[in-house]
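S.K.: give the three-dimensional model of this entry:
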Amino acid sequence: MNKSDKKIDLKTKIRRIPEFKGVVFWDITPLLKDKTYFQECIKQLADHYRGKKIDVIVSNEARGFIIGAPLAYELGVGFVPVRKKGKLPYKCMDLTYKKEYESDTIEIHQDAIEKGQNVLLIDDLLATGGTVKANIELVEKLGGKVAGLGFLIELGYLDGRKVLGDKHEIFSLVNLKTTSG
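M.R.: Just a heads-up that it's a prediction; the model follows:
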């Protein structure tokens with residue numbers, strides 16, 4: 001987009017699916033398939049983080065990869081995946097954490113983060129905060145310093161910010177304050 005173009009409202013390309021596996025699901029595939037909106041999403045995140053001291057971006061599978069990897073490329077920093085247990089091929093550190101209805105185990109390569117590196121955690125969605133809190137714990141156990149938490153969408157009605165506290169800056173492009181958007 002050039003400067004004369006009006007700012008794109010990313011929310012218009014996020015589809016609400018009222019009953020998907022028992023929850024309201026916020027589908028980002030319409031945004032991803034539209035090159036203008038997808039580019040704008042990455043541009044807005046990059047503009048927010050440009051100039052901040054970031055060494056590497058960490059994202060959780062799977063939708064976090066879609067946002068985190070191109071953002072890392074745009075910012076000229078490395079990218080580190082966090083995956084479900086058993087999906088990474090090298091020596092890993094894992095962490096089991098409680099989600100709303102079950103437990104999950106995620107892992108990261110033991111050599112993915114160097115001590116003292118500034119790490120930006122990026123995901124597509126902040127809901128209750130449990131997954132990103134587990135990601136923070138993994139990064140800190142490896143000696144990384146969390147430089148910020150960034151999201152395409154924040155479900156404000158689920159109060160994920162309260163779970164995460166105010167230790168880290170939280171930035172989201174779209175804040176959905178109710179289940180209807």
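S.K.: every contact and neighbour count from this point should use C-alpha atoms.
M.R.: Fine.
S.K.: ok, longest strand in this structure?
M.R.: strand 145-155 (DSSP state E).
S.K.: could you dump it to PDB, C-alpha only?
M.R.: Presented in PDB, the C-alpha positions along strand 145-155 are these (Å, rounded to 0.1, in the frame of the first residue of the first chain):
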ATOM      1  CA  LYS A 145      14.900 -12.700  27.400                       C
ATOM      2  CA  VAL A 146      11.400 -12.200  26.200                       C
ATOM      3  CA  ALA A 147      11.300  -8.800  24.300                       C
ATOM      4  CA  GLY A 148       7.600  -8.800  23.600                       C
ATOM      5  CA  LEU A 149       4.500 -10.800  22.800                       C
ATOM      6  CA  GLY A 150       2.800 -10.100  19.500                       C
ATOM      7  CA  PHE A 151      -0.500 -11.400  18.000                       C
ATOM      8  CA  LEU A 152      -2.600 -11.000  14.900                       C
ATOM      9  CA  ILE A 153      -5.800 -11.400  17.000                       C
ATOM     10  CA  GLU A 154      -6.500 -10.900  20.700                       C
ATOM     11  CA  LEU A 155      -9.700 -12.400  22.100                       C
END
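S.K.: spit out the contact partners of the residue positioned nearest the centre of the chain.
M.R.: What sits nearest the mean C-alpha location of the chain, by CA atoms, centre = their mean, is residue 123, with 1.1 Å. Residue 123 sits next to 59-60, 63-65, 67-68, 150-152 when contact means CA atoms under 8 Å, 6 or more residues apart in numbering.
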